[in-house]
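In: Following is a predicted model, sequence given first.
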Amino acid sequence: MVRGKLILVEGLDRTGKTTQVNALARRLHTEGIPVHATKFPNRESEIGQLINRYLTDKSFTLPDQAVHLLFSANRWEYIKELKQKLNQGCYVVLDRYVFSGIAYSAAKGVQGMDLNWCMQSDKGLLKPDLTLFLTNEDSLANRDGFGEERYESNEFQLKVKAKFSEVLDAFCDPDELSIVNVTGKDIDQVSEEIWSRIVPILKSKLQEDDFKYF
Ligand code: T5A
């Protein structure tokens, strides 16, 4: 059986990840390719609800190490289901994943929480076949809802941006990474650019259980 591809859309807050994940899922579906789109954090599980409380209620405190492990545990909760879908030939499109987990935690600058410490709890998760990293040169603070959640300040986002660059250098194979600069582009222009990066990977075939792991 030929397995589906694992495609990850990453980037800073409000770069348009959710919008583009949904657009890509619709496009794949239109092309007759079975697809499942999902996002992390998945706020539906009990762990996800705790993460949601942490992100939305700034008076709710947890040690930074514990928060990091909760985000990671949230990925582990769903990996069996995602692997099954891939093995059934379904494409899986993810909105954030391991790279966000490491970049946001390491950007806090907490002693001991370096990239390698942050990676440990994600070791063994599936590696994406392609990571599309959405980047923007200007602040996105004017986009809907920015500032409502814990990490949404320009100062922290700049730290995360710098960390993302280190994280991708350290943990993402260059031939499995595609940077998409969204500056000044409308939603459809970004979607077209993403589609142009997807078309080449549709041709290659991967067999059931032929996965790479972090
Ligand atoms: N986090 C996450 C961790 O700390 N550790 C982890 O392990 C993980 C997985 C929540 C927070 O959790 C942190 C990172 C985050 O701070 P989230 O739920 O993904 O993560 O939250 P956000 O990044 O804030 O996700 P959003 O879904 O709100 O932002 P998106 O998905 O980037 O943006 P989107 O698509 O919702 O678009 C935002 C607005 O911009 C418009 C849209 O219509 C929408 O109104 N828009 C555009 N406008 C103009 N031009 C374009 N090209 C546009 N594209 C979208």
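Out: Now that the structure is in, tell me what you want to look at. Residues are numbered from 1 along each chain as shown.
In: Quick one: residues contacting residue 76.
Out: Contacts for residue 76 (C-beta atoms under 8 Å, 6 or more residues apart in numbering) come out as residue 125. For the C-beta atoms, the positions are set from N, CA and C on the backbone; glycine is no exception.
In: tell me which residues of the longest helix seen in the chain are tucked away?
Out: Secondary structure of the chain per DSSP state H: the longest helix is helix 64-87. Under the neighbour-count criterion of 16 or more other C-beta atoms under 10 Å, helix 64-87 has 67-72, 74-75, 77-78, 82-83, 85-87 buried.
In: Pull the most distant pair out of those.
Out: Maximum pairwise distance among those (C-beta to C-beta): 31.6 Å, between 67 and 87.
In: start to end distance for stretch 197-211?
Out: Stretch 197-211 has an end-to-end distance of 21 Å (C-alpha to C-alpha, to the nearest Å).
In: Show the overlap between the buried residues of helix 64-87 and what lies near the ligand.
Out: Residues of these in contact with the ligand (C-beta under 6 Å from any ligand atom): residue 71.
In: So which of the buried residues of helix 64-87 is the closest to residue 138?
Out: Closest approach between the buried residues of helix 64-87 and residue 138, by C-beta to C-beta: residue 71, at 27.1 Å.
In: contacting residues for the nearest residue to that closest one once chain neighbours are set aside?
Out: Among residues not flanking residue 71 along the chain, residue 101 sits closest, at 5.0 Å (C-beta to C-beta, 6 or more residues apart in numbering). Shown in contact with residue 101 (C-beta under 8 Å, 6+ apart): 40, 68, 71-72, 75, 118, 122.
In: Appreciated, that's everything.
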